[in-house]
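>>> Return a 3D structure for these sequence lines:
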Amino acid sequence: MWVLDSIYAEILSFSIIETLFYWGQTWALLSYLGYFLPYKYGCKKETIAISGCIPLMFHGLLVLVSCYHQLLTGVIQFGQGMSDFHKFLFEISCSFYIIDTGLMFALKRYKIEILIHHVLVVVGFCTSFWTGFGSHEIIACICCTEPSNIVMYGRYILKQIGWKASRLYLMIELLYCTVFIIGRLCFGSYVVYNCWEGEKCPLLVSLTGTGVLLESVIHVYQMPGILRESIKEHNKAIKKAV
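Coordinates of the predicted model:
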């Protein structure tokens with residue numbers, strides 16, 4: 001048991017500077033390996049983009065499993081102060097979003113809505129760091145938002161390898177829309193409401209949650225068009241096959 005305690009203490013001792021370094025090294029290595037991956041289904045730039053999805057999915061799974069463990073074990077209590085484990089998770093996620101934002105600019109793949117989302121999230125994390133409150137609300141928000149992100153990365157990989165017109169891609173698209181609406185709108189609205197109701201939840205954390213929720217609402221309005229395009233691509237592929 002003392003071995004596990006010492007490992008846990010060592011992990012929690014990581015600073016945000018160290019996690020920034022490790023995320024940067026991971027992305028650099030995977031981008032480098034992307035040059036040597038086969039690219040039968042697309043150009044080399046697309047293959048590198050696929051390799052870059054690996055840390056995105058790893059980050060999503062890591063924080064999702066950790067946050068759900070906190071939620072299901074009853075650790076999450078709105079209005080409570082930040083724990084050491086929450087601080088560790090936030091250092092991982094905050095450094096991840098900083099690195100991801102820098103890479104979007106470096107690769108010229110940024111979109112304004114993604115940049116706004118990243119800025120909102122970093123502001124929420126930093127506010128919780130400084131005030132010592134709002135971490136439980138943020139963990140609950142992650143439980144609502146991260147499941148759809150993982151499905152989104154899978155959809156992106158299928159698109160990059162040329163499977164956009166496949167039945168599998170259409171199923172993943174439908175799954176993404178379903179998980180997105182249930183997680184971000186249904187459960188996310190409940191969490192944001194509790195952020196505003198909580199006396200100890202910092203104002204910037206509440207504003208961050210509201211901003212992410214509004215972004216989600218806008219994206220939901222765009223979903224019918226996205227689904228129609230996927231169905232159109234799928235039907236076109238079926239006609240070609242006949």
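
>>> averaged over its residues, what pLDDT does stretch 109-129 have?
The predicted model gives stretch 109-129 an average pLDDT of 86.

>>> Mind listing residues that contact it?
For stretch 109-129, contacts defined as Cβ atoms under 8 Å, 6 or more residues apart in numbering pick out 49, 82, 86-87, 90, 93-94, 97-98, 100-101, 103-104, 134-135, 138, 202, 204-205, 208-209, 211-212, 215, 218-219. The C-beta positions use only the backbone N, C-alpha and C, and glycine is treated the same way.

>>> what do you get for stretch 225-233?
The contact list for stretch 225-233 (Cβ under 8 Å, 6+ apart) reads 164-165, 169-170, 173-174, 177.

>>> Looking at neighbours, which among those is most surrounded?
Counting neighbours by other Cβ atoms under 10 Å, the top entry in the contacts of stretch 225-233 is E173, with 24 neighbours.

>>> could you pull out the helices for the chain?
2-12, 16-34, 44-72, 84-107, 112-131, 135-160, 167-180, 188-197, 203-241 (DSSP state H).

>>> thinking again about what came up before, would you format the contacts of stretch 225-233 as a markdown table with distance to I231 included?
What follows is those, written out as a markdown table (distance: Cβ to Cβ, whole Å):
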| residue | distance to I231 |
| --- | --- |
| K164 | 12 |
| A165 | 10 |
| Y169 | 11 |
| L170 | 7 |
| E173 | 9 |
| L174 | 10 |
| C177 | 12 |
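
>>> Now tabulate these in a markdown table and tack on pLDDT and distance to L62.
Listed next are the contacts of stretch 225-233 as a markdown table, based on pLDDT from 0 to 100; distance: Cβ to Cβ, whole Å:
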| residue | pLDDT | distance to L62 |
| --- | --- | --- |
| K164 | 80 | 28 |
| A165 | 79 | 32 |
| Y169 | 88 | 26 |
| L170 | 88 | 29 |
| E173 | 91 | 25 |
| L174 | 92 | 26 |
| C177 | 93 | 24 |
